[in-house]
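S.K.: below: sequence and its predicted model.
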Amino acid sequence: MPLLAWMCWSVALGLLAAALGARELRSSPRGVTQLRGFVALATHEAAVAVPVAFWVLARHTDWALSYVADGARVPSAALLVAALACGALGLAGFALGAWWIRAHQPRRPSALAIGLAAAGLVGCVVLHHRVGLVGSTVQYRGGFGLAPLAGSRVLGTVVVAGLGYLAAYVHLAWTLRTRL
């Protein structure tokens, strides 16, 4: 679930970026990809979101894939594609939000963003037995040797990556709201 939750949150943050950049979206006739807000989000996705997603996927593959696939058998290129998909989903969320804002439906991006963020969080809570335990896929399927998330190295990785991502997104949100 962590990868699917991350994907939900990526779309949600793209939608929120569109809502924060609504002033530019309403005032500019240019295409969405030519707007400074889109370029700022694309830079954020390329410099922060994709590397963070890839780092977590590469370091803790089994956990990030919720023990659906054996991490030892997943090629690193597939992990890179998954991380790039997270970034692309953020940009798609921005494009969808921009379309709604330009169609004079400014509440939809925020509402969908809240719904997607909640869906990712609820998914993690419902699948707590996959998210809250750390080990390999073999350990998970065999029911042995799993450690709680709270006492594992995964928690440190997720906290550091999450705080870095959050700080970068707050800066992006501030830029979209005040400077564009």
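M.R.: That came through fine.
S.K.: need the phi and psi values for residue 133.
M.R.: Main-chain dihedrals, residue 133, degrees, to the nearest 10: phi -120, psi 140.
S.K.: whoops, residue 147 was the one
M.R.: Backbone torsions of residue 147, given as degrees, to the nearest 10, read phi -110, psi 150.
S.K.: and it, bridged to which residues?
M.R.: Residue 147 forms beta bridges with residue 134, as assigned by DSSP bridges.
S.K.: and it, what does it touch?
M.R.: The contact partners of residue 147, by CB atoms under 8 Å, 6 or more residues apart in numbering, come to 133-135. From N, CA and C alone the C-beta is placed, and that goes for glycine too.
S.K.: so how far is residue 69 from it?
M.R.: The spacing between residue 147 and residue 69, counted by CB to CB, to the nearest Å, is 20 Å.
S.K.: how about residue 166?
M.R.: Taken as CB to CB, the span from residue 166 to residue 69 is 28 Å.
S.K.: which intervals of this structure have sub-threshold pLDDT?
M.R.: The model of the chain has pLDDT under 70 over residues 1, 180.
S.K.: give me the most central residue, it.
M.R.: Nearest to the mean C-alpha position of the chain, by CA atoms, centre = their mean, lies residue 10 at 3.3 Å.
S.K.: run through who's touching stretch 112-125.
M.R.: 1-2, 4-9, 11-13, 15-16, 19, 93, 96-97, 131.
S.K.: tell me which helix or strand comes right after the host helix or strand of residue 113.
M.R.: Under the criterion of DSSP states H and E, residue 113 resides in helix 107-126. Using DSSP H and E, the helix or strand that follows helix 107-126 in sequence is helix 128-131.
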